[in-house]
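In: how would this look folded up:
(one chain, ligands or ions: 1)
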Amino acid sequence: MTSPLSLAVIGGGQLARMMQQAAIGLGVHIRLLAEAPDVSAAQVIPDHFVGDYTDIDDLRRAAEGSSVVTFDHEHVPPEHLRTLAAEGHMPRPGPGALIHAQDKITLRTRLDELAVPSPRWAVVASVDEVVAFGLPCVLKTPRGGYDGKGVWVVRSESDAAEALAGDAVLAEELVDFRRELSAQVARRPAGETVTYPVVESRQENGVCKEVIAPAPDLADELSQQAQQIAIEVAEALDVTGMLAVEMFETDDGRLLVNEFAMRPHNTGHWSIDGAATSQFENHLRGVLDLPLGPSTPSAAWSVMYNVLGGAIDDLEGQVGVVLAAVPEAHIHLYGKSVKAGRKVGHLTVTGDDLETVLARARQAGALLQDGSPIG
Ligand code: ADP
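Out: Coordinates of the predicted model:
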């Protein structure tokens with residue numbers, strides 16, 4: 001017997017961990033396929049086992065007893081997703097959708113078909129082809145990149161040779177962007193959608209550092225356009241659960257789509273503490289085909305600060321220090337061992353005045369991450 005409120009989750013990172021937080025309230029039972037016994041989500045999901053997400057038998061074992069399978073990451077091989085679907089389990093999002101978050105060339109091709117504005121691009125195989133495409137440009141590996149790994153900014157022929165040696169084959173124009181935005185939408189299988197306010201994400205060394213919700217000073221027209229793109233993509237690709245569309249805002253006020261995530265996304269973590277329904281809850285509701293919740297912000301501003309590993313080994317030991325200084329900070333630790341640059345937690349501060357909220361989030365973030373109130 002499969003329960004309508006049981007769910008297989010593939011991958012044991014912080015996204016699965018935060019799905020469990022939402023699952024507790026909804027009474028959803030999660031069975032987790034974890035990469036190792038001590039990963040972030042395995043610490044909080046009792047029904048977990050250690051397996052390999054590239055092994056179909058391990059995926060079957062995770063899916064047994066659940067009608068729906070969802071994901072912490074995008075790396076499950078497409079052929080395994082199709083096998084699961086053929087055997088009566090429902091991967092959500094399905095393989096036909098997920099491929100666009102797995103393969104950047106498939107993504108770019110589809111965006112062109114949908115006439116969604118994106119950076120100019122081409123597939124390249126040699127330095128000469130990169131030069132013909134135009135320098136400077138960005139070269140990317142189509143699959144498996146994350147947090148800027150697999151992305152090269154190429155300004156010279158030798159840069160191009162280095163990127164090509166690293167398996168980069170996708171060339172994109174180097175977008176001179178004002179900032180990066182993210183538009184999220186939750187979608188149910190039958191088509192109901194709920195959009196979230198468009199947010200600004202700020203990166204450091206290719207890694208998301210801060211997210212401001214909503215994006216400050218974003219023209220209404222652009223905000224609506226970004227949300228419209230997210231809805232259009234979710235519908236065209238039949239996405240279920242959460243979709244994040246990462247975009248560039250150019251100096252001349254255009255939006256260009258960079259890439260998708262078809263799961264809860266770092267740019268939506270603010271919603272746990274700053275919206276009526278978090279992205280994690282709406283992901284579960286979407287994939288389980290339950291009515292979606294409103295995304296209404298609970299405060300004028302939310303700022304999310306990513307805590308990156310480095311100076312502090314004992315993060316739990318810092319919690320009291322942070323809360324003494326910034327009691328309104330909502331801390332989310334991921335239970336991960338600290339490595340330089342690794343995302344080990346985040347915190348969110350909400351409030352009425354953006355400058356204050358930003359300053360408080362940075363103060364709390366610096367205390368947690370570095371042990372000192374720089375910020
Ligand atoms: P990943 O899959 O590693 O997240 P992305 O394609 O999102 O890779 O690229 C990582 C970062 O590199 C982006 O957030 C952005 O800052 C920068 N970037 C990516 N593509 C371009 C581009 N065409 N022009 C300018 N910057 C880019």
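
In: Strands along the stretch 251-375 of the chain, start to end?
Out: Assigned by DSSP state E, counting those that start in this stretch, the strands in the stretch 251-375 of the chain fall at 255-261, 301-308, 330-333, 343-351.

In: Buried deepest among the ones you listed, which one?
Out: Mean neighbour count (mean count of other C-beta atoms under 10 Å) peaks for strand 301-308 among the strands of the stretch 251-375 of the chain, with a mean of 26. (C-beta placed from N, C-alpha, C; glycine too.)

In: For the residue nearest the centre of the chain, which non-adjacent residue is closest in space?
Out: In the chain, the C-alpha closest to the average C-alpha coordinate belongs to His265, at a distance of 2.4 Å (C-alpha atoms, centre = their mean). Nearest non-adjacent residue to His265, counting by C-beta to C-beta, 6 or more residues apart in numbering: Ala244, 3.6 Å away.

In: Is that neighbour in contact with Gly268, as I believe?
Out: Yes: at 6.4 Å, Ala244 counts as touching Gly268 under the criterion of C-beta atoms under 8 Å.

In: Spell out which residues are contacts of both of those two.
Out: When contacts are counted by C-beta atoms under 8 Å, 6 or more residues apart in numbering, Ala244 and Gly268 have Ser182, Gln184 as shared neighbours.

In: of the two, who's got more company?
Out: More neighbours surround Gly268 than the other of Ala244 and Gly268, with 29 against 25 (other C-beta atoms under 10 Å).

In: still on that earlier bit, adding distance to Ile272, write the strands of the stretch 251-375 of the chain out as a markdown table.
Out: As requested, the strands of the stretch 251-375 of the chain are arranged in a markdown table below (distance: least, C-beta to C-beta, whole Å):
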| stretch | distance to Ile272 |
| --- | --- |
| strand 255-261 | 17 |
| strand 301-308 | 9 |
| strand 330-333 | 7 |
| strand 343-351 | 7 |
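
In: Which of the ones you listed sits closest to Val127?
Out: The minimum distance between Val127 and those falls on strand 255-261, with 24.6 Å, by C-beta to C-beta.

In: Listing partners with orientation, what would you give for that closest one?
Out: Here strand 255-261 has these sheet partners by DSSP bridges: strand 241-250 (antiparallel).

In: How far off centre is stretch 343-361?
Out: 19 Å (C-alpha atoms, centre = their mean, to the nearest Å).

In: on that earlier part again, for the residue nearest to His265, give me its contacts.
Out: Under the contact definition (C-beta under 8 Å, 6+ apart), the residues listed for Ala244 are Ser182, Ala183, Gln184, Phe260, Ala261, His265, Thr267, Gly268.

In: Quick check: it vs Lys149, distance?
Out: Between Ala244 and Lys149 the computed distance is 18 Å (C-beta to C-beta, to the nearest Å).

In: Same check on Arg61?
Out: For Arg61, the distance to Lys149 under the criterion C-beta to C-beta works out to 30 Å.

In: Buried residues, stretch 168-181. List them.
Out: Ala168, Val169, Leu170, Ala171, Glu172, Glu173, Val175, Phe177, Arg179, Glu180, Leu181 (16 or more other C-beta atoms under 10 Å).

In: Ala85 versus Glu192, what's the distance?
Out: The separation that Glu192 has from Ala85, given C-beta to C-beta, amounts to 22 Å.

In: quick one: which of the two has more around it?
Out: Applying other C-beta under 10 Å to Glu192 and Ala85 shows that Ala85 carries more neighbours, namely 16 against 13.

In: Which of the helices or strands spans that one?
Out: Using DSSP states H and E, Ala85 sits within helix 78-86.

In: can I have that helix written out in CSV, keeping just the CAs?
Out: Output for helix 78-86, consisting of C-alpha atoms alone and laid out as CSV, is shown next (Å, rounded to 0.1, in the frame of the first residue of the first chain):
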residue,chain,number,x,y,z
PRO,A,78,17.4,10.7,-16.8
GLU,A,79,17.1,7.0,-17.9
HIS,A,80,16.6,6.0,-14.2
LEU,A,81,13.9,8.6,-13.9
ARG,A,82,12.1,7.2,-16.9
THR,A,83,12.4,3.6,-15.5
LEU,A,84,10.9,4.7,-12.2
ALA,A,85,8.0,6.4,-14.0
ALA,A,86,7.4,3.3,-16.1
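
In: Okay, buried residues for it please.
Out: Buried positions in helix 78-86, judged by neighbour count with 16+ other C-beta under 10 Å: His80, Leu81, Thr83, Leu84, Ala85.

In: Throw these into JSON lines and include pLDDT and distance to Arg342, thanks.
Out: Shown next, in JSON lines, are these (pLDDT from 0 to 100; distance: C-beta to C-beta, whole Å):
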{"residue": "His80", "pLDDT": "98", "distance to Arg342": "27"}
{"residue": "Leu81", "pLDDT": "97", "distance to Arg342": "28"}
{"residue": "Thr83", "pLDDT": "97", "distance to Arg342": "33"}
{"residue": "Leu84", "pLDDT": "97", "distance to Arg342": "30"}
{"residue": "Ala85", "pLDDT": "96", "distance to Arg342": "33"}
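
In: dump the residue contacts of Val307.
Out: The contact partners of Val307, taken as C-beta under 8 Å, 6+ apart, are Leu315, Leu333, Lys343, Val344, Gly345, His346, Leu347, Gly365, Leu368, Gln369.
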